[in-house]
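In: Sequence below, structure please.
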Amino acid sequence: MVSLLTRPSLPPGRDIFSDLLGEVRSARREDTLAREEWFGRLAGPGENERLVATANVFELDTLLKGLLTFKNPRNHPGPSKRTTPVVAQDFREQLVFVAEGLERLLDLTRALVPEGTSRAKVFEEYLASMAQEDETGSPHEDAQTPDQALLQLRAALANHHEIGAGLARLPRVTFRLFHAVLATAERDVLRSRYFSPTGPLEFRPEYDRIESRQILELARNVPGEQSRQLVAVTFLALFRLLRYVDLADEIVRRPEDPTVRGAAFLVLAVLRSDARGLTDELRQRAGRLLAEGYERSVFRVHARDVGRRFDALRADGHKMLEIKAALEGVAANLRLELRRTFEHDLMAPELAPSVDVMRERVALVSKNLRPAFQNAILFLGKALGVRLDEDGVFDDVAAKRNLSERLRRDVWMFAQIVRAFSDKANASKGAEVPWTGPSPLRFVREFLRYFRAMGVPLLRAADYPRIDAFIQTMSGLEEADLVEPGRLEHAVAEASTFHAFLLELVASIGQRDELVSTPFDKRAAAQALKLYLGAAD
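Out: Numbering: from 1, shown residues only. Purely as a prediction, here's the structure:
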């Protein structure tokens, strides 16, 4: 995975988003420019043509990447802890879905190849491939244009489809065989000069460009080059995750399409892989990146100017801490959402869900994940001091209603968690901490985990007037080796005040124009809370 820490510094004054788009480590600059020119011809002058071309190219890139990510069982839906070892499992159904995904890829390459040259060129490639048994060169090395590379990739995918579909007829497929099929396909995909998939934190100008002027201006005003780059990458990654959700939802809505299940599973594998790459980067490396960037900015100040610049430097330092907390909150929330989605909402591929079941489950995932990713984008903007407008940021016409409905549910859920924390804290007063066995104050760490994943975003979204005091109190609990009674009592008092605020907020959100006729489903919210608590364990 490409780390943010290894990205080169950008020249001052450049558009941070434009510089990040198209920065694919595996591609040469001239190849990137040739692909962009190819896409421009493909899109044509009309708006509808551009939309169709963008959708097809994005699906092609995503499914090619899905062949790489679906190879890893960690990207499959299902329980995280399985009783049967991977080497003892049957991967026949997974291979069936791979064959379906390859079939969809063949359809896409056929649609993207220029008309009039497709059949003759494909037949020529087929004859050439039959004569390559005694040659050592690779057919991909001869591709001088994206059209030629697409035709050669299509010929390779056709071979892999035949192999996968044939092996899927076996009564049992071992993991080693399943892995070998996809590893062989991966080799041809990665060797494709113009269509090698991007990494988790790499983006394409054809479909990743952010149009919202609010977000562009927000990122431009973030202090510090490294922090500005980090925020921009996070926004790009969140919008890419939204695109994956929209693509999976669109795929399962296609009538009479035999490739629905396989294509959807490949897209979901990419979604999980990219989300994991983003959250790992934010949790493990973002703090160090921000600290190093702040250190460089401090060292650039001359010693005689430190006194004069002290207040500004301290303000920048506090801003870095706020950005770090916001990014870690986004990461914690995304990890919680993805665990619940892949371990509870989706069926494992080995269970061979029917097309109707797949449509039902993906629709549920779309309903849950779309507002979750949108909320993460809005929360990040709010943490950086800008209230983003839903209508100006998202194309989804129902975004405002869905976001309000999701916010009401999340506020109610966290209110129950806060109340449980207060009850347990009151019950633990005077309890002795044993030398062995679990601590009676273990609930404090559990609450802090929920607080990072759900509480911090809600504090920002709800404009809680005591946000700084609440965060400082919770941070004090985390910093202490043993929870002091005085700190715990102060935390309980803050939690009680926050709980009352949350209950009032639930009622207030229900009075919004978009929700005034939509009653609050407390039973569904309680069920969602149970799943979240299980996913966080």
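
In: Just give me the neighbour total for residue 37.
Out: The tally of other residues near residue 37 (other C-beta atoms under 10 Å) stands at 12. For every residue, glycine as well, the C-beta is placed using N, CA and C.

In: Which helix or which strand is home to it?
Out: Assigning secondary structure by DSSP states H and E places residue 37 in helix 29-43.

In: Distance from that helix to the middle of the chain?
Out: Helix 29-43 has its C-alpha centroid displaced from the chain centroid by 26 Å (C-alpha atoms, centre = their mean, to the nearest Å).

In: Output the contacting helices and strands for that helix.
Out: helix 47-69, helix 146-167 (3 or more C-beta pairs under 8 Å, 6 or more residues apart in numbering; DSSP states H and E).

In: List the buried residues of that helix.
Out: 31, 32, 34, 35, 38, 39, 42, 43 (16 or more other C-beta atoms under 10 Å).

In: Looking at these, which is nearest residue 451?
Out: Checking the buried residues of helix 29-43 against residue 451 by C-beta to C-beta gives residue 32 as the nearest, at 42.6 Å.

In: pLDDT weak spots in the stretch 301-450 of the chain?
Out: 397, 429-441 (pLDDT under 70).

In: Please enumerate the helices of it.
Out: 306-340, 355-383, 390-393, 399-427, 442-450 (DSSP state H, counting those that start in this stretch).

In: circling back: how about the CA coordinates for the helix holding residue 37, as CSV?
Out: The C-alpha coordinates for helix 29-43 follow below in CSV (Å, rounded to 0.1, in the frame of the first residue of the first chain):
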residue,chain,number,x,y,z
ARG,A,29,3.6,9.6,-16.7
GLU,A,30,3.3,9.2,-20.4
ASP,A,31,1.0,6.2,-19.9
THR,A,32,-1.2,8.2,-17.6
LEU,A,33,-1.5,11.0,-20.1
ALA,A,34,-2.3,8.5,-22.9
ARG,A,35,-5.1,7.0,-20.8
GLU,A,36,-6.6,10.4,-20.1
GLU,A,37,-6.5,11.2,-23.8
TRP,A,38,-8.2,7.8,-24.5
PHE,A,39,-10.9,8.5,-21.9
GLY,A,40,-11.5,12.0,-23.5
ARG,A,41,-12.2,10.4,-26.9
LEU,A,42,-14.3,7.7,-25.3
ALA,A,43,-16.5,10.2,-23.4
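
In: change the start of the numbering to 38 and stick with it
Out: I'll keep to 38 as the first residue from here, and by that count the last item is helix 66-80.

In: And the average pLDDT for it is what?
Out: Taken as a whole, helix 66-80 has a mean pLDDT of 87.

In: Same check on stretch 142-162?
Out: Stretch 142-162 shows a mean pLDDT of 73.

In: In CSV: the buried residues of helix 66-80, plus distance to residue 130.
Out: As requested, the buried residues of helix 66-80 are exported to CSV (distance: C-beta to C-beta, whole Å):
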residue, distance to residue 130
68, 37
69, 38
71, 39
72, 35
75, 36
76, 35
79, 35
80, 37
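
In: Out of the residues you listed, the closest to residue 348 would be?
Out: Distance to residue 348 across those (C-beta to C-beta) is lowest for residue 69, with 44.0 Å.

In: Could you report the separation of the closest one from residue 225?
Out: Between residue 69 and residue 225 the distance, using C-beta to C-beta, to the nearest Å, works out to 20 Å.

In: wait, residue 265 sits on residue 256?
Out: Yes. In this structure, residue 265 is within contact of residue 256 by C-beta atoms under 8 Å, at 6.1 Å.

In: between the two, what contacts are shared?
Out: When contacts are counted by C-beta atoms under 8 Å, 6 or more residues apart in numbering, residue 265 and residue 256 have residue 53 as shared neighbours.

In: Looking at those two, which is more packed in?
Out: Using other C-beta under 10 Å, the more surrounded residue of residue 265 and residue 256 is residue 256, with 25 against 18.

In: Could I get the contacting residues of the residue lying closest to residue 495 once chain neighbours are set aside?
Out: Of all residues not flanking residue 495 in the chain, residue 451 sits nearest, at 5.6 Å (C-beta to C-beta, 6 or more residues apart in numbering). Residues in contact with residue 451 (C-beta under 8 Å, 6+ apart) are 487, 491, 492, 495, 539.

In: correct me, but the first one touches residue 454?
Out: Yes. Taking C-beta under 8 Å as the contact criterion, residue 487 and residue 454 are neighbours in contact, 5.1 Å apart.

In: Give me the domain ranges for this structure.
Out: For the chain, the domain assignment from automatic domain parsing gives the residue ranges 62-228, 250-430, 439-573.

In: can those domains go into CSV with extra columns for distance to residue 234?
Out: Output for these, formatted as CSV (distance: least, C-beta to C-beta, whole Å):
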stretch, distance to residue 234
domain 62-228, 4
domain 250-430, 9
domain 439-573, 28
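
In: Looking at the ones you listed, which is nearest to residue 241?
Out: The nearest among the domains of the chain, by C-beta to C-beta, is domain 62-228 at 6.9 Å.

In: do you know how far the spatially most central residue of the chain is from residue 567?
Out: Centrality entry for the chain: nearest residue to the mean C-alpha point is residue 312, 3.2 Å, by C-alpha atoms, centre = their mean. According to C-beta to C-beta, residue 312 and residue 567 sit 22 Å apart.

In: and what of residue 82?
Out: Taking C-beta to C-beta, one finds residue 82 at 53 Å from residue 567.

In: Could you check which of the two has the larger neighbour count?
Out: Set residue 82 next to residue 567 and count neighbours by other C-beta under 10 Å: residue 567 wins out with 12 against 7.

In: in stretch 89-107, what's buried?
Out: Result for stretch 89-107 [16+ other C-beta under 10 Å]: buried residues 90, 93-107.

In: and it, how far out from the chain's middle?
Out: With C-alpha atoms, centre = their mean, you get 16 Å for stretch 89-107.

In: out of the domains of the chain, deepest packed?
Out: Ranked by mean neighbour count, these are led by domain 250-430 with a mean of 19 (mean count of other C-beta atoms under 10 Å).

In: Now do it: distance from first to last residue.
Out: 8 Å (C-alpha to C-alpha, to the nearest Å).

In: residue contacts, the closest residue to residue 244 other than its chain neighbours?
Out: In space, and not counting its chain neighbours, residue 244 is closest to residue 95: 4.6 Å by C-beta to C-beta, 6+ apart. Contacts here follow C-beta under 8 Å, 6+ apart; on that basis residue 95 touches 243, 244, 280, 284.

In: surely the last one meets residue 97?
Out: In this case it means residue 284. No. At 11.0 Å, residue 284 does not count as touching residue 97 under the criterion of C-beta under 8 Å.

In: Distance check, the residue nearest to residue 495 against residue 494.
Out: 9 Å.

In: Likewise for residue 503?
Out: 16 Å.

In: Same question for residue 86.
Out: 39 Å.

In: Repeat that for residue 222.
Out: Distance from residue 222 to residue 494, by C-beta to C-beta: 39 Å.

In: repeat for residue 66
Out: 39 Å.
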